[in-house]
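> build the 3D model from these lines:
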Amino acid sequence: MNETPPELIAPCLDAEDGRALAAFWQQFLRLPYRPGQGPDDDPNFIVIDDPAGTPKLAVQQVESLPRVTWPDGNIAQQIHLDLLVRTPDQQRRQLERAVELGASVLDDRSDDATDPLVVMADPAGHPFCLICPPRL
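The predicted structure is shown next:
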């Protein structure tokens, strides 16, 4: 069967405050909101596009969302985003930007030469990683 498989569009994150979470990701990734789905529009579903208009991330408003307790606790992460940075300096700058925008650091392994990453949580608690190529 030569049927074309489904195409992945973009991950969608749930949030109790959809506008605030969308604003965090829009500012951190420096990507535009989809026309008609910005912070002043319906907060129930907000899409962030790349400059060509391709969806990269969506945020959906939900009434209640238990905060992830990873790496400890009963509430496991159900999705996380991996974001590539090219150098240790860029990794540190992006970590600082994310914290300024409301993120928190969960695990900083940026000094690990074989797996230099930083695990963070966005303001709603969704984990994401700033991954740098190994320094071997």
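> show me how this protein divides into domains.
Using automatic domain parsing, the domain ranges for the chain come out as 12-61, 81-131.
> so which of these is nearest Ile75?
domain 81-131 (8.9 Å; CB to CB). (Glycine included, C-beta is placed from N, CA and C.)
> distance from the chain centre to that closest one, please.
10 Å (CA atoms, centre = their mean, to the nearest Å).
> cool, and stretch 46-63?
Distance, stretch centre to chain centre, for stretch 46-63: 11 Å (CA atoms, centre = their mean).
> please apply the same query to stretch 14-27.
For stretch 14-27, the distance to the chain centre is 10 Å (CA atoms, centre = their mean).
> can you tell me the SS state at Cys129?
Classification of Cys129 using DSSP: H, G, I helix; E, B strand; the rest coil returns strand.
> residue contacts, it?
Contacts here follow CB atoms under 8 Å, 6 or more residues apart in numbering; on that basis Cys129 touches 80-83, 117-120.
> picking up where we left off before, weakest of the domains of the chain in terms of mean pLDDT?
Lowest mean pLDDT within the domains of the chain: domain 12-61, a mean of 89.
> returning to what we had before: now render the contacts of Cys129 as CSV, adding distance to Pro51 and secondary structure.
Output for these, formatted as CSV (distance: CB to CB, whole Å; DSSP: H, G, I helix; E, B strand; the rest coil):
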residue, distance to Pro51, secondary structure
His80, 25, coil
Leu81, 19, strand
Asp82, 21, strand
Leu83, 17, strand
Leu117, 27, strand
Val118, 26, strand
Val119, 28, strand
Met120, 24, strand
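> which of the residues you listed has the most neighbours?
Taking other CB atoms under 10 Å as the neighbour criterion, Met120 ranks highest of the contacts of Cys129 with 24 neighbours.
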